[in-house]
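*Asks:* Give me a 3D structure for the following:
(one chain, ligands or ions: 2)
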Amino acid sequence: METKIFQSDQIEEAAALLRNGELVAFPTETVYGLGANALLAESVKQVFAVKGRPSDNPLIVHVANFSMTEEFVESYHPLTETIIKHFWPGPLTLIFKIKTGSLSPVVTGGLSTAAFRMPDNKKTLSLIGKTGAPLVGPSANTSGKPSPTTALHVYHDLSGKISGILDDGATEIGVESTVLDLSGDQPTILRPGAVTQEALQEVLGVEVPLDKHLVKESETPKAPGMKYKHYSPETSVLMIKPEDWQKAMEWAKAKDKKVGLLVTPTTANKYTSADCFVFEDDTIEAATRGLFSGLRALDEAKKSDVIFAEVFPEDHLGLAYMNRLKKAAAQNYFSEK
Ligand code: TXA
Ligand code: MG
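*Replies:* Residues are numbered from 1 along each chain as shown. Ligands and ions are numbered 1, 2, ... in the order given. All right, here's what the predicted structure looks like:
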């Protein structure tokens, strides 16, 4: 199968493929999604096959506007209107109770709830509109790889397996959306993202807890998908605390290990290495934008025995960054033993 790259003037062509049950990857502000018509169960099955994704991990239904959710949602949480007004379109996925049978179990993993998101990307909103149906969209990577933040990453993983990719350059945020469970009384964050816990609490005026399963990876998760390690670079990753950089570099030298660095410009100026991925600037936003791209680049270069990665405080966007970095590092920090 030839995988076509579509530009903005070819959205209609891409939509026709989706209507026809084929798979087209689409850009969002977070990461690229692997799109299929959410109303065609056979197409949705293909998404799992192409990614090599476990089929009990439910998908996000991407909509072009809030009213597209009404066909499926059984009841909305009282705070829904406020949330939508502030955060849609945007990197916030909402879980609602759905009407029985309104979505295929292939989409929901057989749950009585489903995840909805209106992405903040004009091309993709137009694509959904022209398709005339919502699109499921897990990240458009092969399972086990970092989520794709450029069309080229998607092409690298899935060329020959999907019909097309709608190209919109590099994504702005770089990690997947915040997942907020609104199916119970208390809104709960199941996955941290760029809509932060602090921002939600400020807007809603209530406490918005993080699901503790975020923290304890080994427990049985509330959302089936949360138990899977999302990506694991072949090169092992170690997180380096600010006070440990010097020691870590000395350790690597003593052990004759080649180190790849995934770091801010400030850290890059202090330490040299054959292989270095430097974030655009020292901010957490730049680090988050570069994280997956950097992990891919360092892993594919195969120049290093170990990747040393910059850590950030675990609040605001830093919580999302550290959540993804910890998974890539299998929770491992450098420690001198
Ligand atoms: O930013 C994003 O969210 C990207 C872009 C493409 O929109 N998509 C994405 O999809 O990250 P995916 O499939 O990789 O992540 C969906 C997450 C999974 O953790 C899944 O378990 C959870 O949402 N999820 C889906 N339906 C759920 C439900 N009914 N209850 C709880 N969690 C659910
Ligand atoms: Mg994913």
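*Asks:* Could you list the low-confidence segments of this structure?
*Replies:* For the chain, applying pLDDT under 70 flags the ranges 213-232, 337.
*Asks:* Give me the domain ranges for this structure.
*Replies:* 4-204, 236-329 (the TED database).
*Asks:* of all those, which gets the most neighbours per residue?
*Replies:* domain 4-204 (a mean of 20; mean count of other CB atoms under 10 Å). (Each C-beta comes from the backbone N, C-alpha and C, glycine too.)
*Asks:* So which residues of the stretch 1-150 of the chain form helices?
*Replies:* Remark: helices assigned in the stretch 1-150 of the chain by DSSP state H, counting those that start in this stretch are 11-19, 41-51, 80-87, 105-108, 122-131.
*Asks:* now the ones you listed in TSV, with distance to Asp299?
*Replies:* Listed next are these as TSV, based on distance: least, CB to CB, whole Å:
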stretch	distance to Asp299
helix 11-19	29
helix 41-51	18
helix 80-87	33
helix 105-108	31
helix 122-131	27
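*Asks:* Compare the ones you listed and give me the one nearest ligand 1.
*Replies:* helix 105-108 (5.9 Å; CB to the nearest ligand atom).
*Asks:* got the domains of the chain as TSV, with distance to Lys212 columns?
*Replies:* Below are these laid out as TSV (distance: least, CB to CB, whole Å):
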stretch	distance to Lys212
domain 4-204	10
domain 236-329	13
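*Asks:* Quick one, which of the ones you listed gets closest to ligand 1.
*Replies:* Here domain 4-204 is closest among those (CB to the nearest ligand atom), at 2.8 Å.
*Asks:* touching ligand 1 at all, the top strand by length along the chain?
*Replies:* Longest strand in the chain by number of residues (criterion: DSSP state E): strand 92-98. Yes: interface with ligand 1: strand 92-98 contributes Thr93, Ile95 (CB under 6 Å from any ligand atom).
*Asks:* What is that strand packed up against?
*Replies:* strand 73-75, helix 80-87, strand 113-117, strand 178-181 (3 or more CB pairs under 8 Å, 6 or more residues apart in numbering; DSSP states H and E).
*Asks:* and it, which strands flank it?
*Replies:* According to DSSP bridges, strand 92-98 forms sheet pairs with strand 73-75 (antiparallel), strand 113-117 (antiparallel), strand 178-181 (parallel).
*Asks:* Output these in JSON lines, with distance to ligand 1 appended to each entry.
*Replies:* What follows is those, written out as JSON lines (distance: least, CB to the nearest ligand atom, whole Å):
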{"stretch": "strand 73-75", "distance to ligand 1": "12"}
{"stretch": "strand 113-117", "distance to ligand 1": "3"}
{"stretch": "strand 178-181", "distance to ligand 1": "5"}
